[in-house]
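>>> Just need the structure, nothing else, for what follows:
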Amino acid sequence: MAFDGLFTVAMTNELKSLESGRISKVHQPNALEVVVHVRAKGKNEKLLFSIHPSYARVHLTKETIENPQEPPMFCMLLRKHIEGGFITAIQHDGFERIISFLIESRNEIGDKVYRKLIIEIMGRHSNLILVDEETNKIIDGLKHLPPSMNSYRTILPGFDYVLPPAQQKVNPNEATNDEILEFFSIEKTVKEVVAHFAGFSPFHASELLNRMKDGEVIETFRTFMQEIISSTNPTYLEVDGKPYFSPTNITHLKGKVTNYDNLSSLLDRVFYARAERERVKQQAGDLERFLQNEMNKLQLKLKKLHKDLERANKLDQFQLYGELLMANINQFEKGMKEVTVTNYYSEDGEQITIPLDERKTPVENAQQYYTKYNKAKNALIMVQEQIEKTEEEIKYFEMLISQITHASPTDIEEIREELADEGYLRKRNKKQKQKQSKPTPEKFISSTGIPISVGKNNKQNDYLTFKLAKKTDTWLHTKDIPGSHVVIHSEDPDEQTLQEAAILSAYFSKARESSSVPVDYTKIRHVKKPNGAKPGFVIYFEQKTVYVTPDEEIVLKLKKNK
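Reported below is the predicted structural model:
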């Protein structure tokens, strides 16, 4: 990751297209993100501010983030102070990771007021702060920082806004040629470049040093800075699954490269899926713990049931003891602890010693073994049924845990409703219960223009397969792996569409990180739901199998097609 000072300057230049734009709406989807809707230059834009400790950033976004029913207090405050206002300027503070949005709006009595919305992108210290520009007083911040936590600067309403301490580094744009030549006159390390020039992260320092190996120092340095600031070629690169990004070409690493038209599209690609997962974690942390606890209980129960099965499997021995005692009833008497008899049921006719209850008569001892035999026989049937039921429940919870890993906040609510319907969770009170709407499977469009639907949870899966899809549509599911139901809405899909739908099926499954994932496909008419089956469970036949490797780039492309 590299949202460093260099990237901040490049992003500020890109966001300047919003200057003179009017703020029409403000939303706060969660505790760490704010979305500001801006009408600028005849277009509606969504400006995302995030102060997530790992994914802090600011950029325009095309993605939709769901909002809570009740807006948080900070959102209400922003609406009061900046909604309806105009962005007069967007500025950065040197090469620090701080961007300020100067906003002209009106107060309750119609007088002009000037506000400054400042985002500080500093890892776990990131913050979004609203300041009165005329008095430099803080109106409020998304995170509060009391004097007890930081004596240098306080982030609380009514306090003066103080910039974070300056790092006293050289501004790379203001450095003279002589200063640059002098610094690079001897070979420098990444750490030395980061310590000397403002705005450089180790990632961009490595890129600069790599370019200097084959180029003249001044020209390479100036060209690199110009490419960064003007965002000549926004680049996304993956190396061993780890993402890297930059406003310009990345030459010091080798991996799968994707170029984007602008920095905002690049950051949507880098962060959206990761940030969505974090949003779901915030909302579904308790649900994940519940499901995992239930899984642990079921696995422990299954282990105990298998032990019970071992004991119940001794029923043949109990029957044998009973019959041998009856056949030899005159060879022992009350008060004996054991008796040795010939096993007539064995070909070898070996001797067998049978334990006895010395308090019982010979007939009572034989009857006791018959009773144990009947109990064990009944227990065996019950234990086998319990094992089958427990294994089904384990599969069910495995499927739910898999679904949570790629669920949206709406999907999480539907999973909660499903668990309540199945009796695993307590149902909501009538006052809290909302009118349930139809499940909405996620929609994609194949490269050849054919619609594809994906169920993200069991409610969506059942609705998609048995209500939304036609009997002639094509149904896909990962073979013997928990995952989503996928439907191609076509009687005769082409090979490309089938391949892409299979990739969606593999991606939205437990095998997302695997390769050569087997995906079965068949017609909807060959998919049936057994009586009494849990949500999402089906049986199917007449299937064929295709092997694919999940590819996030293809999934995003199919999503954008819709």
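>>> Could I get the full set of helices for this structure?
5-15, 73-82, 177-183, 190-196, 202-212, 217-229, 263-312, 315-327, 362-405, 409-421, 458-463, 495-507, 552-561 (DSSP state H).
>>> how about a markdown table for the ones you listed, with distance to residue 123 added?
Yep, even glycine has a C-beta here, placed from its N, CA and C like the rest. Listed next are the helices of the chain as a markdown table, based on distance: least, C-beta to C-beta, whole Å:
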| stretch | distance to residue 123 |
| --- | --- |
| helix 5-15 | 13 |
| helix 73-82 | 20 |
| helix 177-183 | 27 |
| helix 190-196 | 15 |
| helix 202-212 | 14 |
| helix 217-229 | 21 |
| helix 263-312 | 14 |
| helix 315-327 | 65 |
| helix 362-405 | 25 |
| helix 409-421 | 25 |
| helix 458-463 | 36 |
| helix 495-507 | 30 |
| helix 552-561 | 25 |
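>>> In terms of pLDDT, where does residue 30 sit?
Reading off the confidence values, residue 30 has pLDDT 88.
>>> isn't it right next to residue 280, touching?
No: if you go by C-beta atoms under 8 Å, residue 30 and residue 280 don't touch, sitting 10.4 Å apart.
>>> How far does stretch 120-134 stretch from one end to the other?
End-to-end distance of stretch 120-134 (C-alpha to C-alpha, to the nearest Å): 20 Å.
>>> Use 545 as the first number from now on
Got it, the first residue is 545 from now on, which makes the last one we talked about stretch 664-678.
>>> That stretch: which residues count as buried?
Neighbour-count burial for stretch 664-678 flags 664, 665, 670, 671, 672, 673, 674, 675, 677 (criterion: 16 or more other C-beta atoms under 10 Å).
>>> quick revisit: any chance of TSV for the helices of the chain, columns mean neighbour count, distance to residue 1064 and mean pLDDT?
Output for the helices of the chain, formatted as TSV (neighbours: other C-beta atoms under 10 Å; distance: least, C-beta to C-beta, whole Å; pLDDT from 0 to 100):
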stretch	mean neighbour count	distance to residue 1064	mean pLDDT
helix 549-559	23	44	95
helix 617-626	18	46	96
helix 721-727	13	61	94
helix 734-740	16	49	95
helix 746-756	20	43	95
helix 761-773	17	48	94
helix 807-856	16	25	85
helix 859-871	18	40	86
helix 906-949	17	16	88
helix 953-965	19	23	83
helix 1002-1007	24	15	93
helix 1039-1051	23	9	96
helix 1096-1105	16	19	84
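>>> Walking through the stretch 595-744 of the chain, point out its strands one by one.
Secondary structure of the stretch 595-744 of the chain, counting by DSSP state E, counting those that start in this stretch: strands at 601-604, 630-636, 642-650, 656-664, 671-676, 681-685.
>>> could you say what helices and strands the last one packs with?
This means strand 681-685. helix 617-626, strand 671-676 (3 or more C-beta pairs under 8 Å, 6 or more residues apart in numbering; DSSP states H and E).
>>> Looking at the buried residues of stretch 664-678, spot the one nearest residue 948.
residue 670 (26.5 Å; C-beta to C-beta).
>>> thinking again about what came up before, for my notes, please list the helices and strands packed on strand 681-685 in a markdown table and give distance to residue 598 for each entry.
A markdown table is the format used below for the helices and strands packed on strand 681-685 (distance: least, C-beta to C-beta, whole Å):
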| stretch | distance to residue 598 |
| --- | --- |
| helix 617-626 | 21 |
| strand 671-676 | 15 |
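>>> between those, which gets nearest to residue 1098?
strand 671-676 (34.3 Å).
>>> For residue 678, which non-adjacent residue is closest in space?
residue 658 (5.9 Å; C-beta to C-beta, 6 or more residues apart in numbering).
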